[in-house]
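Visitor: generate a structure from the sequence data that follows.
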Amino acid sequence: MGQEITRTSFSDADFQRFRRCLADETEVLARLAGEGGFSDPRYVAGFELEAWLLDHAGFPNPVNQRYLRTLNDPLVVPELSLFNVELNAPPVEMRPGALANLETSLRQTWDSCQQVAHGMDTVLAMIGILPTIRNEDLCLANISAMKRYDVLNAQVLQQRGGAPVHIDIEGQDHLSLDRQDVMLEAATTSFQLHLQVPFELSARYYNATLVTCAPLLAAAVNSPLLFGHRLWQETRVPLFEQSVEVGGYAGLSDPAIRRVTFGRGYVSGSLLELFDENLQHYPVLLPMPQDEDRLRLPHVRLHNGSIWRWVRPLIGFDAAGRGHVRLEQRVLPSGPTVLDMAANAAFYFGLVHALARAPQAAESVLSFAEVRANFYAAAQRGLDAQLTWVDGRRHSARALILQQCLPLARQGLRDFGLPDEEIEHGLGVLETRVRSGQTGAQWQLRRLENVGGDVHRMMLDYLENQRAGAPVHEWEI
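Guide: Numbers count the residues shown, from 1 in each chain. Next comes the predicted model:
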């Protein structure tokens with residue numbers, strides 16, 4: 001969850017003061033990096049899972065305040081809407097047992113959260129976009145009781161000059177609508193993976209993570225429906241990008257800059273380039289003064305949290321004050337099951353490790369334009385997408401994953417020291433899913449057709465399969 005703030009009203013002086021602190025801390029960041037302030041050599045993995053609170057009819061249930069009080073778990077926190085929550089887990093170092101520990105942590109947290117939900121006559125669900133969400137559910141009356149979200153909503157609209165948020169998504173059907181708030185963002189829930197890496201290698205890992213986005217997403221699409229419209233295989237992507245769009249407004253120096261973005265290019269030398277870009281090109285949305293020591297970079301971190309790159313660099317500090325950098329891979333949707341998400345995590349961690357350690361950097365042979373095009377093709381067409389790879393050839397996403405990406409992912413996990421049994425537990429699930437072609441998105445569309453277009457019936461069937469826990473490729477149509 002994004003960092004909370006304590007005020008909702010800000011003056012021009014507040015914005016100016018924040019920008020001065022941001023500029024100062026960006027210089028501090030560069031100095032810390034140059035002096036070895038980010039010296040943690042470990043690889044550490046973690047995740048965030050955004051989930052839905054539903055009633056037993058499968059509709060959103062805006063009770064997260066009461067739910068979180070009842071649950072009383074610091075690892076489960078609010079999200080943008082009153083019918084969403086976010087589950088977190090303690091990070092684990094990438095070594096034997098890491099994937100098993102992450103899966104166990106996710107399953108235990110999910111089960112305990114589900115148990116509390118049932119006690120409130122509520123259902124917890126993980127899915128990229130809830131097929132039964134209604135336009136009227138996504139209103140400001142259902143925004144979470146956090147000042148951060150009120151300010152984000154107000155600032156996005158102000159920086160648009162009051163222009164409404166326009167949604168236009170073309171798929172099998174066409175959806176076009178206007179909104180006067182950012183609540184459509186609440187319809188996009190994700191499974192975000194974190195990987196802490198050594199600072200001196202972070203540029204290679206960032207670029208490699210960009211390369212992984214397309215095959216990873218193609219294998220995991222789970223958001224094909226919005227308001228009854230059949231759109232992209234991963235409709236979260238265009239919906240999130242358009243729901244908080246401010247690019248081109250407020251005199252931005254580069255109209256191509258977007259708040260939700262795949263980025264403008266690879267990192268050439270250091271992740272510091274991205275924080276310089278934050279300072280130079282992104283207007284402040286949350287100008288809350290920070291009391292924390294400037295060496296902990298509080299203004300840099302708060303500002304970075306209001307820029308939603310699909311691959312986002314993050315800065316953290318341990319209890320001793322030692323800094324680290326980690327990469328947040330944001331492309332994955334929530335769901336369909338714990339086992340499916342554990343398989344997706346295994347695929348990402350292994351593939352990015354192999355690509356980043358390869359003798360020839362992927363970014364030296366695969367242009368950023370090709371990687372970006374791959375990402376949107378995967379979001380639109382899933383396993384049917386045509387993707388360009390490091391061999392210079394075009395492949396179907398399915399063939400690319402099976403023939404090239406999975407062998408790389410297996411090697412990457414072995415290089416982390418994981419045993420074959422642990423590797424195959426995750427990657428075997430993903431391989432079988434890809435061979436079958438039955439992603440979460442494909443199951444939803446096929447099941448919807450089989451029940452005569454009854455979205456409500458399809459969603460109840462989805463929830464029943466999710467409770468059973470079998471991976472999505474085993475679900476009956």
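Visitor: got phi/psi on the residue most central in space within the chain?
Guide: The centroid of the chain falls nearest to Arg330 when counting by Cα atoms, centre = their mean (2.4 Å). Backbone dihedrals for Arg330, given as degrees, to the nearest 10, come out at phi -110, psi 10.
Visitor: can you tell me the SS state at Glu241?
Guide: helix (DSSP: H, G, I helix; E, B strand; the rest coil).
Visitor: any idea how far the residue nearest to the centre of the chain is from Thr189?
Guide: 12 Å (Cβ to Cβ, to the nearest Å). Quick note: C-beta positions are derived from backbone N, CA and C, even for glycine.
Visitor: what does His229 give?
Guide: For His229, the distance to Thr189 - Cβ to Cβ - is 18 Å.
Visitor: who has more neighbours, the two?
Guide: Each of His229 and Thr189 has its neighbours counted (other Cβ atoms under 10 Å); Thr189 has more, 28 against 16.
Visitor: now do the contacts for that one.
Guide: If you count contacts by Cβ atoms under 8 Å, 6 or more residues apart in numbering, Thr189 has them with 50-52, 79, 84, 126-130, 236, 333-334.
Visitor: in TSV, list those residues along with neighbour count and pLDDT.
Guide: Formatted as TSV, the contacts of Thr189 follow (neighbours: other Cβ atoms under 10 Å; pLDDT from 0 to 100):
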residue	neighbour count	pLDDT
Glu50	21	98
Ala51	24	98
Trp52	29	98
Glu79	23	90
Asn84	23	96
Met126	25	98
Ile127	25	98
Gly128	31	98
Ile129	25	98
Leu130	27	98
Arg236	28	98
Pro333	29	98
Ser334	27	98
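Visitor: just these: which are in helices?
Guide: When the contacts of Thr189 are checked against helices using DSSP state H, the ones located there are Arg236.
Visitor: list the beta-bridge partners for Arg230.
Guide: Partner residues in beta bridges with Arg230, using DSSP bridges, are Leu225.
Visitor: what does Asp178 give?
Guide: The residues listed as beta-bridge partners of Asp178 by DSSP bridges are His166.
Visitor: so what's the residue nearest to Leu87 when sequence neighbours are not counted bridging to?
Guide: Computed as Cβ to Cβ, 6 or more residues apart in numbering, the closest residue to Leu87 that is not its neighbour in sequence is Leu49, at 4.4 Å. When assigned by DSSP bridges, Leu49 has beta-bridge partners Leu87, Phe191.
Visitor: swap in Glu93?
Guide: For Glu93, the beta-bridge partners under DSSP bridges are Val44.
Visitor: confirm for me that it is in contact with Val44.
Guide: Yes: under the criterion of Cβ atoms under 8 Å, Glu93 lies in contact with Val44, with a separation of 5.3 Å.
Visitor: of these two, which one has the most company?
Guide: In this view Glu93 and Val44 are compared by other Cβ under 10 Å, and Val44 has more residues nearby, 17 against 13.
Visitor: surely His229 and Glu170 touch.
Guide: No: using Cβ under 8 Å as the test, His229 is too far from Glu170 to be in contact (10.0 Å).
Visitor: what's the pLDDT at Pro289?
Guide: We note a pLDDT of 87 for Pro289 in this prediction.
Visitor: now do the buried residues in the lowest-mean-pLDDT helix or strand in the chain.
Guide: Taking mean pLDDT, DSSP states H and E as the measure, helix 147-159 is the helix or strand of the chain with the lowest mean score, a mean of 81. Neighbour-count burial for helix 147-159, with 16 or more other Cβ atoms under 10 Å as criterion, is recorded at Arg148, Tyr149, Asp150, Val151, Leu152, Asn153, Ala154, Gln155, Val156, Leu157, Gln159.
Visitor: so which elements touch the helix or strand where Cys113 lies?
Guide: Following DSSP states H and E, one finds Cys113 within helix 98-119. Packed against helix 98-119, as judged by 3 or more Cβ pairs under 8 Å, 6 or more residues apart in numbering; DSSP states H and E, are the following elements: strand 44-54, helix 64-71, strand 84-88, strand 92-93, strand 123-125, helix 338-357, helix 420-436.
Visitor: packing partners of the third one?
Guide: Contacts defined by 3+ Cβ pairs under 8 Å, 6+ apart place strand 84-88 against strand 44-54, helix 64-71, strand 76-78, helix 98-119.
Visitor: any chance of a markdown table for those, columns distance to Arg393?
Guide: What follows is the helices and strands packed on strand 84-88, written out as a markdown table (distance: least, Cβ to Cβ, whole Å):
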| stretch | distance to Arg393 |
| --- | --- |
| strand 44-54 | 31 |
| helix 64-71 | 47 |
| strand 76-78 | 44 |
| helix 98-119 | 31 |
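Visitor: if you compare the ones you listed, which one is most tucked away?
Guide: Using mean count of other Cβ atoms under 10 Å, the stretch among those with the largest mean neighbour count is strand 44-54, at a mean of 22.
Visitor: pLDDT score for the residue nearest to Leu87?
Guide: What the model reports for Leu49 is a pLDDT of 98.
Visitor: Arg179 reaches Arg160, doesn't it?
Guide: No: under the criterion of Cβ under 8 Å, Arg179 is not in contact with Arg160, lying 11.1 Å apart.
Visitor: what about the stretch 51-200 of the chain, any weak spots by pLDDT?
Guide: Counting by pLDDT under 70, the stretch 51-200 of the chain contains no low-confidence segment.
Visitor: give me the number of residues near Ala369?
Guide: Neighbourhood size, Ala369 [other Cβ under 10 Å]: 10.
Visitor: where does it sit, in terms of helix or strand?
Guide: Taking DSSP H and E as the definition, Ala369 sits inside helix 368-381.
Visitor: each with direction, which strands does the helix or strand following that helix pair with?
Guide: Read in the C-terminal direction, the helix or strand following helix 368-381 is strand 386-388, with elements assigned using DSSP H and E. According to DSSP bridges, strand 386-388 has the following sheet partners: strand 394-396 (antiparallel).
Visitor: other residues contacting the strand it pairs with?
Guide: Contacts with strand 394-396, where a contact means Cβ under 8 Å, 6+ apart, come from Leu383, Asp384, Ala385, Gln386, Leu387, Thr388, Trp389, Gln403, Gln404.
Visitor: contacts for the helix holding Cys113?
Guide: Contact partners of helix 98-119, identified using Cβ under 8 Å, 6+ apart, comprise 45-47, 49, 51, 53, 67, 70-71, 73, 75-76, 85, 87, 89-90, 92, 123-124, 126, 338-339, 341-342, 345-346, 349, 413, 416, 418, 422-423, 425-426.
Visitor: now do it and helix 338-357, the angle between them.
Guide: Here the directions of helix 98-119 and helix 338-357 differ by 150 degrees (axes from the mean of the first three to the mean of the last three Cα atoms, to 10 degrees).
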